[in-house]
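K.L.:
When you get a sec, could you give me coordinates for this:
(2 chains)
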Protein chains: 2
Amino acid sequence: MNAFIAVDWGTSNRRAFRIEESVVVASERDDRGAATVGAGEYEAEVAGIRDRLGDLPMLLAGMVGSNIGWRSVPYVAAPAGLPDIAAAVDRIDDRTAIVPGLSYRDGLHADVMRGEEVQLLGAVAAELVPADALLCQPGTHCKWATVQRGRIERFTTAMTGELFALLRAHGVLSRQLGHPVEPGAAFLEGVAEGAKRDLAASLFVIRARGVLGLVDDAHAASFASGLLIGADTAARIEAGTTVHILADPALGALYASAIDALGGTSHHIDSQAAFVAGITRIQDLAA
Amino acid sequence: MNAFIAVDWGTSNRRAFRIEESVVVASERDDRGAATVGAGEYEAEVAGIRDRLGDLPMLLAGMVGSNIGWRSVPYVAAPAGLPDIAAAVDRIDDRTAIVPGLSYRDGLHADVMRGEEVQLLGAVAAELVPADALLCQPGTHCKWATVQRGRIERFTTAMTGELFALLRAHGVLSRQLGHPVEPGAAFLEGVAEGAKRDLAASLFVIRARGVLGLVDDAHAASFASGLLIGADTAARIEAGTTVHILADPALGALYASAIDALGGTSHHIDSQAAFVAGITRIQDLAA
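P.N.:
So this is what the prediction gives:
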């Protein structure tokens, strides 16, 4: 029986899956992310997961392989596909391994990802997206990956979510941005403003409209989110571009709305199915 | 003798000038900005300035006229010149008045300034800049004003300095941005990247290059500053544009370097001379 345990080990959260014949038969989710687990605690953490999910081979992906994780695993340079990643897994022992992340360089531009590559390439492997496609994984650091012939050819990370969080927590706009973000008119107005790609100036519009009493601050967070997501999306797509989104439903809906407003088309991809397909393929290839 | 006291009363700092026949004969500078002075303390503050600089008429500009200042003075709508501002000064008593700020609206875009208008229009009044010109006053909130026939026709505020401060103090890049900002190769590399006007993605380049060990973090703050100032400037000028900069020498030199790199030409304007010229003209016109 081809069973193993896959762990999607992020900075804040961790999800573990017992996978048998490509199917998840048990799983757990907790907040024991790499930011929480000390370098010396990984052996015990892994033993704990085996106690709960089964005494099986384990394949770990994500920030567990970073300098804040168990140990730092060198990046695989894009363009790369699942076979390249499988060939570079870092073996802790004969039945525990860490998946490397991807790096990308093109002149001045440099980029890295750790963990997202499993979902992105898994979506292709599971034929949830075509072998030539633009994929978007929104979040604190939004990943946009161009897949060609099933490999990640190049990718761009935008700090869209982090900028929003910084502006909401600190600085002159924070007082106006406390309301929840909702899709709708204010968000779309933000997308239109964001498409000007003049972020530092467009953000001050929030302040000015507040001071002048032109707009209720209840809409400011939605406008700001639209602005940031609109600027991100406008830099990545043109009219007619199809984007495959891997995200939770709420954030995915915001990106879909921005993509639609900017003349693109979007499809939602089941990100857990994509992760399971990707990690299973890496496990098979690395065996 | 045409003597009065002018106060440039900002959020954090305050400068007061005793002006006689358009010449500064005495001045003081302290940190009693509007963020520090309570609403009930302004009468005593003003009396204190008169004790030190002379028992004269006073004209106050800046955040003193905002909702965090003495009292909120309505904005004058741009396009506007010094006569429009002088006609709208808010008289506290027969020898104490507050200069209104400017607002601007054009469809979705809205903007405000308070205090900068005195410097900007003063530069024109003193013939430090032509009557048709693009002026830039860098800072936490960088102001770009288009002056036509001596009036501010429109203006744009970019939160360039605030974004830099937020990124330096908080978030994933903060650890890399502690070094001083210096003009030079890293700054100019940032300007070139910033000209792509893809800020959220370009910022992550700092993280990726750090993780990959491609660039010494000693250069990261200069690169980030170049990125933000480059994106700001690229949105405001095209090749051949002349910009008149009102700023302290260090920040002014960074903007001048970005303007030059993007094919524009810049001139440094003495911002204190501009303020004194502007506030004197308002005092004369409002008399």
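
K.L.:
Distance check, A:Leu167 against A:Leu177.
P.N.:
Plainly put, A:Leu167 is 6 Å away from A:Leu177 if you go by C-beta to C-beta, to the nearest Å. The C-beta positions use only the backbone N, C-alpha and C, and glycine is treated the same way.

K.L.:
Tell me which of the two has more neighbours.
P.N.:
A direct count of neighbours by other C-beta atoms under 10 Å in any protein chain shown for A:Leu167 and A:Leu177 places A:Leu167 higher, at 24 against 21.

K.L.:
before we move on, which element is that one in?
P.N.:
A:Leu167 is part of helix A:160-169 when elements are defined by DSSP states H and E.

K.L.:
Then A:Arg71?
P.N.:
Counting by DSSP H and E, A:Arg71 is part of no helix or strand.

K.L.:
Next up, the contacts around it.
P.N.:
Residues near A:Arg71 by C-beta atoms under 8 Å, 6 or more residues apart in numbering or on different chains: A:39, A:65, A:90, A:92, A:98.

K.L.:
Just the buried ones from those residues, in ChimeraX syntax?
P.N.:
Buried members of the contacts of A:Arg71, defined by 16 or more other C-beta atoms under 10 Å in any protein chain shown, are picked up in ChimeraX with:
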select /A:65,90,92,98
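
K.L.:
So which of the contacts of A:Arg71 are in helices?
P.N.:
The members of the contacts of A:Arg71 all map outside helices under DSSP state H.

K.L.:
from the contacts of A:Arg71, which is closest to chain B?
P.N.:
A:Gly65 (12.1 Å; C-beta to the nearest C-beta).

K.L.:
Output the lowest mean pLDDT helix or strand found in chain A.
P.N.:
The helix or strand of chain A with the poorest confidence is strand A:109-113; it has a mean of 93 (mean pLDDT, DSSP states H and E).

K.L.:
shaky segments in chain A?
P.N.:
For chain A, residues meeting the criterion pLDDT under 70 lie at A:1.

K.L.:
mind redoing it with 80?
P.N.:
Residues of chain A meeting the criterion pLDDT under 80: A:1, A:108.

K.L.:
where's the residue lying farthest from the centre of it relative to chain B, distance?
P.N.:
Farthest-out residue of chain A from its mean C-alpha position, per C-alpha atoms, centre = their mean: A:Leu212, at 37.6 Å. Noted for A:Leu212: a distance of 6 Å to chain B, by C-beta to the nearest C-beta, to the nearest Å.

K.L.:
now do A:Asn67
P.N.:
8 Å.

K.L.:
Please identify which helix or strand holds that residue.
P.N.:
Under the criterion of DSSP H and E, A:Asn67 resides outside all helices and strands.

K.L.:
And for the least confident helix or strand of chain A, what's in contact with it?
P.N.:
Taking C-beta under 8 Å, 6+ apart as the rule, strand A:109-113 contacts A:75, A:101-105, A:143, A:155-157, B:204-205, B:207-209, B:211-212, B:214.

K.L.:
Which ones among the contacts of A:Arg71 map onto strands?
P.N.:
Judged by DSSP state E, the contacts of A:Arg71 include A:90, A:92, A:98 as members of strands.

K.L.:
tell me the contacts of the second one?
P.N.:
Spelled out, it's A:Ile92. A:70-71, A:98 are the contacts of A:Ile92 under C-beta under 8 Å, 6+ apart.

K.L.:
excluding its backbone neighbours, what's nearest A:Phe155?
P.N.:
Closest residue in space to A:Phe155, ignoring its immediate chain neighbours: A:Ala145 at 4.2 Å, by C-beta to C-beta, 6 or more residues apart in numbering or on different chains.

K.L.:
That neighbour - that's part of a strand, no?
P.N.:
Yes: according to DSSP: H, G, I helix; E, B strand; the rest coil, A:Ala145 belongs to a strand.

K.L.:
Within range of chain B, give me the residues from the stretch 1-150 of chain A.
P.N.:
Residues of the stretch 1-150 of chain A found near chain B (C-beta under 8 Å from any C-beta of the partner chain) are A:75, A:103, A:105, A:108-112, A:141-142.

K.L.:
you'd agree A:Arg29 is in a strand?
P.N.:
Yes: judged by three-state DSSP, A:Arg29 forms part of a strand.

K.L.:
doesn't A:Arg15 make contact with it?
P.N.:
Yes: using C-beta atoms under 8 Å, A:Arg29 is in contact with A:Arg15, at 4.7 Å.

K.L.:
quick one, strands of the stretch 101-250 of chain A?
P.N.:
A:102-106, A:109-113, A:133-137, A:142-148, A:151-158, A:242-246 (DSSP state E, counting those that start in this stretch).

K.L.:
can I get those in CSV with mean neighbour count?
P.N.:
Formatted as CSV, the strands of the stretch 101-250 of chain A follow (neighbours: other C-beta atoms under 10 Å in any protein chain shown):
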stretch, mean neighbour count
strand A:102-106, 19
strand A:109-113, 22
strand A:133-137, 24
strand A:142-148, 23
strand A:151-158, 22
strand A:242-246, 21
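
K.L.:
closest one to A:Glu182 among those strands?
P.N.:
A:Glu182 lies closest to strand A:242-246 among the strands of the stretch 101-250 of chain A, at 18.1 Å (C-beta to C-beta).

K.L.:
who does the closest one pair up with?
P.N.:
Strand pairing for strand A:242-246, using DSSP bridges, gives strand A:133-137 (parallel), strand A:265-269 (parallel).

K.L.:
Among A:Arg29 and A:Arg15, which residue is more densely surrounded?
P.N.:
For A:Arg29 versus A:Arg15, neighbours defined as other C-beta under 10 Å are more numerous around A:Arg15 (16 against 11).

K.L.:
Wait, A:Ala3 touches A:Ser22, no?
P.N.:
No: judged on C-beta under 8 Å, A:Ala3 makes no contact with A:Ser22 at a distance of 10.4 Å.

K.L.:
picking up where we left off before, and the residues of the stretch 1-150 of chain A next to chain B as a markdown table, adding distance to A:His219?
P.N.:
Output for the residues of the stretch 1-150 of chain A next to chain B, formatted as a markdown table (distance: C-beta to C-beta, whole Å):
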| residue | distance to A:His219 |
| --- | --- |
| A:Tyr75 | 41 |
| A:Ser103 | 40 |
| A:Arg105 | 41 |
| A:Leu108 | 37 |
| A:His109 | 35 |
| A:Ala110 | 37 |
| A:Asp111 | 33 |
| A:Val112 | 35 |
| A:His141 | 26 |
| A:Cys142 | 23 |
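
K.L.:
Count the residues that sit near A:Gly62.
P.N.:
27.

K.L.:
Kindly format the C-alpha coordinates of the least confident helix or strand of chain A as CSV.
P.N.:
Provided in CSV are the C-alpha atoms of strand A:109-113 (Å, rounded to 0.1, in the frame of the first residue of the first chain):
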residue,chain,number,x,y,z
HIS,A,109,14.4,40.6,-10.6
ALA,A,110,14.7,37.8,-8.1
ASP,A,111,12.0,35.8,-6.4
VAL,A,112,11.6,32.8,-4.1
MET,A,113,8.7,30.5,-2.9
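
K.L.:
so what strands line up beside that strand?
P.N.:
Strand A:109-113 sits in its sheet next to strand A:102-106 (antiparallel), going by DSSP bridges.

K.L.:
Not counting its neighbours along the chain, what's nearest A:Gly65?
P.N.:
Excluding the flanking residues, the one nearest A:Gly65 by C-beta to C-beta, 6+ apart is A:Val73, at 3.8 Å.

K.L.:
show me what contacts the one you found?
P.N.:
If you count contacts by C-beta under 8 Å, 6+ apart, then A:Val73 has A:65-66, A:88, A:90, A:98-101 around it.

K.L.:
Check these and tell me the two furthest apart.
P.N.:
Using C-beta to C-beta, the pair of these lying farthest apart is A:Ser66 and A:Ala88, separated by 14.9 Å.
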